[in-house]
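J.: below are the sequence and a predicted model for it; my questions follow.
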Amino acid sequence: MSKVNAAIFRQDLINSANANSKRSNSSIGVLDIFGFENFDSNSFEQFCINFANENLQQFFVQHIFKLEQEEYNLEAINWHHIEFVDNQEALDLIALRPLNLMALIDEESKFPKGSDQTLLNKLHQRHGTNRNYLKPKSDINTSFGLNHFAGVVFYDTRYLVKYSGTCERRQTWSRLLYYYIGASWTRTVTPSVPICSSLSTCQGTSSFRYTTILFALP
């Protein structure tokens, strides 16, 4: 760590930056692939963050376990199968299966009379029997649970429809989320779909745009 700090905060660079009245220090980015969030009240923000981390975990599983073991089988290597936890079913539930969670949130956000209760009823009806979907113990509870690879997280639907909606009152969060995700990722990757360059050009609900960006990554 001392070497990293020394490389980032070199005194000669700091002095040079001060002399030119411009900041030109080096920087470093750290990605925590196990950065799941689980608070007392989890909203659409935590839902998106945990969805992204679920995808990162599947990337790890795919390349470290699945593909490697397939290669061993193709080369007829004598080895013992390694047991691992595959979180693909959780990803299917969130964004890949027909009428997945993201699709239902996106759909409900478009309805003028869409509410947290109508969304919750649809989620229960569609996915109530899925082993990775958890219903609350009380009927007055507005949350639903997801069995992520890192643990169970309950999301409050009062903050899902509100923050993912498309009406004028709800657009601020949606546009900011899409804009800043796009702005950060386009510096390092070239997605296969266009990403909006300004807040005014962002269209669609936040859940739709988030999945579009995430699946555009190579």
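T.: Yep, it's here. Keep in mind the model is a prediction, meaning the values are calculated, not measured.

J.: so where's the protein uncertain?
T.: Low-confidence segments of the chain (pLDDT under 70): 1, 7-34, 162-218.

J.: how's it carved up into domains?
T.: Per automatic domain parsing, the domain ranges recorded for the chain read 1-30, 44-216.

J.: can you report phi and psi for the nearest residue to residue 143 once chain neighbours are set aside?
T.: Spatial nearest neighbour of residue 143, chain neighbours left out: residue 154 (4.4 Å); criterion: C-beta to C-beta, 6 or more residues apart in numbering. C-betas here are computed from N, CA, C, even on glycine. Backbone torsions of residue 154, given as degrees, to the nearest 10, read phi -100, psi 130.

J.: does residue 154 really touch residue 137, like I thought?
T.: No - shown here, residue 154 and residue 137 do not form a contact pair, counting by C-beta atoms under 8 Å, at 10.7 Å.

J.: the two: who's more crowded?
T.: Taking neighbours as other C-beta atoms under 10 Å, residue 154 and residue 137 compare with residue 154 leading, 18 against 6.

J.: which residues pair with that one across the strands?
T.: Note on residue 154: beta-bridge partners residue 145, judged by DSSP bridges.

J.: so what's it up against?
T.: 42, 134, 136, 143-146 (C-beta atoms under 8 Å, 6 or more residues apart in numbering).

J.: how does it look with 7 Å?
T.: Contact partners of residue 154, counting by C-beta atoms under 7 Å, 6 or more residues apart in numbering, are 42, 143-145.

J.: same check, this time on residue 91
T.: Neighbour list for residue 91: 54-55, 58 [criterion: C-beta under 7 Å, 6+ apart].

J.: take those residues and keep only those in helices.
T.: Here DSSP state H is the test, and the contacts of residue 91 give 54-55, 58 as lying in helices.

J.: pretty sure residue 124 sits against residue 133.
T.: No - contact between residue 124 and residue 133 fails when scored by C-beta atoms under 7 Å: they sit 8.5 Å apart.

J.: out of the two, which sits in the more crowded spot?
T.: residue 133 (19 against 14).

J.: so what's that one closest to, chain neighbours aside?
T.: residue 127 (4.3 Å).

J.: one more: residue 84?
T.: Nearest one to residue 84, counting by C-beta to C-beta, 6+ apart, is residue 65 at 4.6 Å.

J.: out of the ones in helices among the contacts of residue 91, who's nearest residue 158?
T.: Lowest distance from residue 158 to the ones in helices among the contacts of residue 91 (C-beta to C-beta) belongs to residue 54, with 22.6 Å.

J.: how about the strands of this structure, start to end?
T.: 133-134, 143-148, 151-156 (DSSP state E).

J.: highest average neighbour count across these?
T.: strand 143-148 (a mean of 20; mean count of other C-beta atoms under 10 Å).

J.: which parts of stretch 72-91 are buried?
T.: For stretch 72-91, a neighbour-count test (16 or more other C-beta atoms under 10 Å) marks 87, 90-91 as buried.
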